[in-house]
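J.: any chance you can model this:
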Amino acid sequence: MELMEAIRARRAVRDFEPDGIERAQIEALIAAAAQAPSAMNLQPWLFAVIQGADVLRGYSDRAKAHLLATMGGDSPLATYRDHLVDPGYNIFYGAPAAIVVCARTQATQAIEDCCLAAQTLMLAAWGAGLGTCWIGFARPWLSLPATMAELRLPATSVPVAPIVLGVPRSLPGPTPRRTPEVIWL
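T.: Take a look at the predicted model:
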């Protein structure tokens, strides 16, 4: 797939086939993500791979419970309360795998660099015929010290981009984009 086509066609996928993803394919996506640029070439990322739709379903339930327990009435997430209380709603959308892009430290630019790695991973997945979706709902729960310990993430790391991964069962249509605001100097 040509790069500009991948950039224009990539979509957030929220409907996955139940089949798992081969370890070699996940490793290839992580290798692609590691080609992302980073400030001072520090390459501050680490990748946590979570496999199994059932495992992710359990994590979804725990992440939703955490969001509901900590969400204030003025939280922007309050508009999603009905989804979060629905026992059928899975924040990981039934995906067979997730890759959590983490910053090894909170050093300058580490989080931004991990965002670059995440976007590179998502484009590489799209080019390989796989769908992805960045799951922001998962970050607060993933950032809890107990969750980080359970996932064997170093205490100094920061979960930045939880990305589900799988073979798309269906693809959403294009999302309209606004013309970007540009200031020419």
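
J.: could you pull out the strands in this structure for me?
T.: 45-51, 97-103, 131-134, 158-166 (DSSP state E).

J.: and of the ones you listed, who's closest to Ala9?
T.: strand 131-134 (11.4 Å; Cβ to Cβ). C-beta here means a position set from N, CA and C on the backbone, and glycine is covered the same way.

J.: still on that earlier bit, rebuild the strands of the chain as CSV, extending it with distance to Arg152.
T.: Below are the strands of the chain laid out as CSV (distance: least, Cβ to Cβ, whole Å):
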stretch, distance to Arg152
strand 45-51, 8
strand 97-103, 11
strand 131-134, 22
strand 158-166, 13
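
J.: nearest to Leu67, of these?
T.: Per Cβ to Cβ, nearest to Leu67 of the strands of the chain: strand 158-166, 13.1 Å.

J.: and stretch 149-156, end to end?
T.: With Cα to Cα, to the nearest Å applied, stretch 149-156 spans 11 Å between its terminal residues.

J.: who's in contact with it?
T.: For stretch 149-156, contacts defined as Cβ atoms under 8 Å, 6 or more residues apart in numbering pick out 46, 48, 50, 100, 102, 104-106, 142, 145, 148, 159.

J.: what does stretch 110-130 give?
T.: Here stretch 110-130 has contacts from 1, 3, 6-7, 9-10, 21, 25, 28-30, 32-39, 42-45, 99, 101-104, 131-132, 134, 158, 160-161, 163, 165-168, using Cβ under 8 Å, 6+ apart.

J.: type out the PyMOL command that picks the buried ones from those residues.
T.: Selection of buried members from the contacts of stretch 110-130 for PyMOL, criterion 16 or more other Cβ atoms under 10 Å:
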select buried, resi 10+21+25+29+30+32+33+36+38+43+44+45+99+101+102+103+104+131+132+134+158+160+161+163+165+166+167+168
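
J.: can you pull out the helices in the chain?
T.: Secondary structure of the chain (DSSP state H): helices at 3-9, 23-33, 53-70, 81-85, 110-127, 139-142, 145-150.

J.: report the buried residues of stretch 138-154.
T.: 138-143, 147-148, 153.

J.: got TSV for those residues, with pLDDT and distance to Arg177 too?
T.: Supplementary listing: the buried residues of stretch 138-154 in TSV, determined by pLDDT from 0 to 100; distance: Cβ to Cβ, whole Å:
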residue	pLDDT	distance to Arg177
Ala138	97	26
Arg139	97	25
Pro140	97	28
Trp141	98	31
Leu142	98	29
Ser143	97	30
Thr147	98	35
Met148	97	35
Leu153	97	34
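
J.: nearest to Gly173 among those?
T.: Nearest to Gly173 among the buried residues of stretch 138-154, with distances taken as Cβ to Cβ, is Ala138, at 25.1 Å.
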